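# Fold the following, please.
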Amino acid sequence: QVQLMESGGGLVQAGGSLRLSCAASGRTLSSYCVGWFRQGPGKQREFVAGISWGGRHILYADSVKGRFTVSRDNAENTAYLQVNSLKPEDTAVYYCAAGPSVNRDEKGYDYWGQGTQVTVSS
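Coordinates of the predicted model:
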C-alpha cells in the first residue's frame, strides 16, 4: 500500500497562491491516479482535481478551473496542486488520495493523506 502526506498549506490573503504537495511512501505513486479533495468548514468533502498515473488525463471541478493546476512528478513520488487567485471560499482542509482511476467520487480512492489546511483571508 501507499502512504500519503500533504504539505504546503497555510494562511494567505485573497488573490494569493500556494503550492500543495502530496508525497508518497511505501509503494510508488506512479502506480496510482491521484485526486485532490477539500473540506471547508461545515461542508462536505468535495472533489477539486485529479490526474492519471501518467499525467495525460486531468479533471477539475468547475469552481477551480483556470485557477488550480494539478501535476505530478513520478520520479519524485510526489503530486502537486498549484492554487492561484485564492478566494475566501477556497478555505478548507485539502486532501490528496490515490486510487486506480481518475474520478470525482471519493469512493474511487483507496488511500488518503491527513490533509493540509488552507486559509484564505479577505
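
# Ramachandran angles for residue 101?
Main-chain dihedrals, residue 101, degrees, to the nearest 10: phi -150, psi 160.

# list the contacts for it?
By CB atoms under 8 Å, 6 or more residues apart in numbering, residue 101 lies in contact with 33, 52, 108. The C-beta positions use only the backbone N, C-alpha and C, and glycine is treated the same way.

# again, but for residue 111
Contacts of residue 111 (CB under 8 Å, 6+ apart): 1-4, 32, 97-99.

# same thing but 10 Å
Listed by CB atoms under 10 Å, 6 or more residues apart in numbering, the contact set of residue 111 reads 1-4, 24, 26-27, 29, 32, 34, 96-99.

# Who does residue 111 form a beta bridge with?
Beta-bridge pairing for residue 111 (DSSP bridges): residue 98.

# for residue 73, same thing?
In beta-bridge terms (that is, DSSP bridges), residue 73 pairs with residue 78.

# what pLDDT does it get?
Here the pLDDT value assigned to residue 73 is 96.

# i'd like the first residue to be 176 from this point on
In the new numbering, first residue 176, that becomes residue 248.

# about what we covered before: quick one, which of the contacts of residue 286 are buried?
179, 199, 204, 207, 209, 271-274 (16 or more other CB atoms under 10 Å).

# With distance to residue 216 as extra columns, can I get the residues you listed in a markdown table?
Converted to a markdown table, those look like this (distance: CB to CB, whole Å):
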| residue | distance to residue 216 |
| --- | --- |
| 179 | 23 |
| 199 | 28 |
| 204 | 29 |
| 207 | 29 |
| 209 | 25 |
| 271 | 20 |
| 272 | 20 |
| 273 | 26 |
| 274 | 26 |
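
# Can you pick out the most distant pair from those?
Using CB to CB, the two most remote members of the buried ones among the contacts of residue 286 are 199 and 274, lying 12.6 Å apart.

# and the residue lying closest to residue 193 once chain neighbours are set aside, what is it in contact with?
Leaving aside its sequence neighbours, residue 193 sits nearest to residue 258 (CB to CB, 6 or more residues apart in numbering; 5.1 Å). Neighbouring residues of residue 258 by CB under 10 Å, 6+ apart: 183-184, 187, 191-195, 211, 213, 223-224, 239, 242-245, 265, 269, 293, 295.
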